[in-house]
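Student: got a sequence here, can you build the structure:
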Amino acid sequence: MTDHLTIVDHPLVQHKLTLMRKRATSTSEFRRLLREISQLLAYEVTRNLPLDTRVIETPLMEMDAPQLAGKKMALVSILRAGNGLLDGVLELIPSARVGFVGLYRDEETLQPVQYYFKVPESLEDRLVIAVDPMLATGNSSVAAIDLLKQAGAKDIRFLCLLAAPEGVARMKEAHPDVQIVTASLDSHLNEKGYIVPGLGDAGDRMFGTK
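Tutor: Numbering: from 1, shown residues only. Next up, the predicted model:
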C-alpha cells in the first residue's frame, strides 16, 4: 500500500478474483462475482469516511451514535463496464448519488472521446468514487478524472478490479491526488492494451457480448 495505490489482499477478494479470471466462468457467474467483490472492495475505498454523532434511542437507553457526515457521496461509473462495480457498491451504500461518464477510444489516435457525461450536483462537497473494472493504459481513467475535476470534484478515489503498472503510472502522473484501490496489480499490458494475466474484456464477460 502507498498513498496512491492500495491493493486489497483480503482472502475473499483474492479467491473471488481467481474465479473471475478463469476462462470457463460463465457470464452469470462473472456478474455475480463482480457484484460480490465490488462490495468487499467498497469497504476499503470508503475506509476513511468522516463521521459525526447523533443522539439515538436503543431499546435500553439514549446514546451518542456515529453516522456518516456531510453530503452523500457520489459514485461515478465509467461506461460501460463500470456499471458492474457500481451495482455492488450501491447495494452497500444505497444513499449514494450516481453519475456516468461515457468514453470510447478513437481507433486512429487511440485517445478517449467523450460521448456522455451526467453527474450529481455539488461534486466539490462530496467524496467522489469513480469505478471501472480495468485500469489498463490509464487514458480513459485519466480523461474521466479530468472531467470530474472540471465539474468541481476535489476528493476523488478510483476503484478498479485489476490494474496494470502502466495505468497506475499514468494515473499517478496525471492525478497524484487520486487514490487507486484495486484487487490486483497485474504484470503488464500486451500489444493490444489488455492487462496480463488479466481476465479478458470485463465488459464483454459481464454482458455476454463476446
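Student: what mean pLDDT does the longest strand seen in the chain have?
Tutor: Scanning the chain for the strand with the most residues, using DSSP state E, yields strand 97-105. Average pLDDT, strand 97-105: 90.
Student: okay, now the unreliable bits of the chain?
Tutor: 1-2, 110, 210 (pLDDT under 70).
Student: look up the closest residue to residue 166, ignoring the ones flanking it.
Tutor: Leaving aside its sequence neighbours, residue 166 sits nearest to residue 189 (Cβ to Cβ, 6 or more residues apart in numbering; 5.3 Å). For glycine as for every other residue, the C-beta is placed from the backbone atoms N, C-alpha and C.
Student: if we can go back for a sec, go through whatever helix or strand comes next after the longest strand of the chain and flag the buried ones.
Tutor: Downstream of strand 97-105, the next assigned helix or strand under DSSP states H and E is strand 112-118. Buried residues in strand 112-118, defined by neighbour count with 16 or more other Cβ atoms under 10 Å: 112, 117.
Student: by contact count, what packs against strand 112-118?
Tutor: strand 97-105, helix 139-150 (3 or more Cβ pairs under 8 Å, 6 or more residues apart in numbering; DSSP states H and E).
Student: how far off centre is that strand?
Tutor: 17 Å (Cα atoms, centre = their mean, to the nearest Å).
Student: how much space between the residue nearest to residue 166 and residue 196?
Tutor: 7 Å (Cβ to Cβ, to the nearest Å).
Student: those two: which has the busier surroundings?
Tutor: residue 189 (18 against 10; other Cβ atoms under 10 Å).
Student: torsion angles phi and psi at that one?
Tutor: phi -100, psi 140 (degrees, to the nearest 10).
Student: mind listing what's buried along the longest strand of the chain?
Tutor: 97, 99-103.
Student: go on, stretch 119-130?
Tutor: 119-120, 123, 126-130.
Student: same check, this time on stretch 180-194
Tutor: Those buried within stretch 180-194 under the rule 16+ other Cβ under 10 Å are 180-186, 189, 194.
Student: which one of these is nearest residue 64?
Tutor: residue 181 (30.4 Å; Cβ to Cβ).
Student: quick one: contacts for that closest one?
Tutor: Counting by Cβ atoms under 8 Å, 6 or more residues apart in numbering, residue 181 makes contact with 6, 8, 41, 44-45, 157-160.
Student: buried only: go through the residues you listed for me.
Tutor: 6, 8, 41, 44-45, 157-160.
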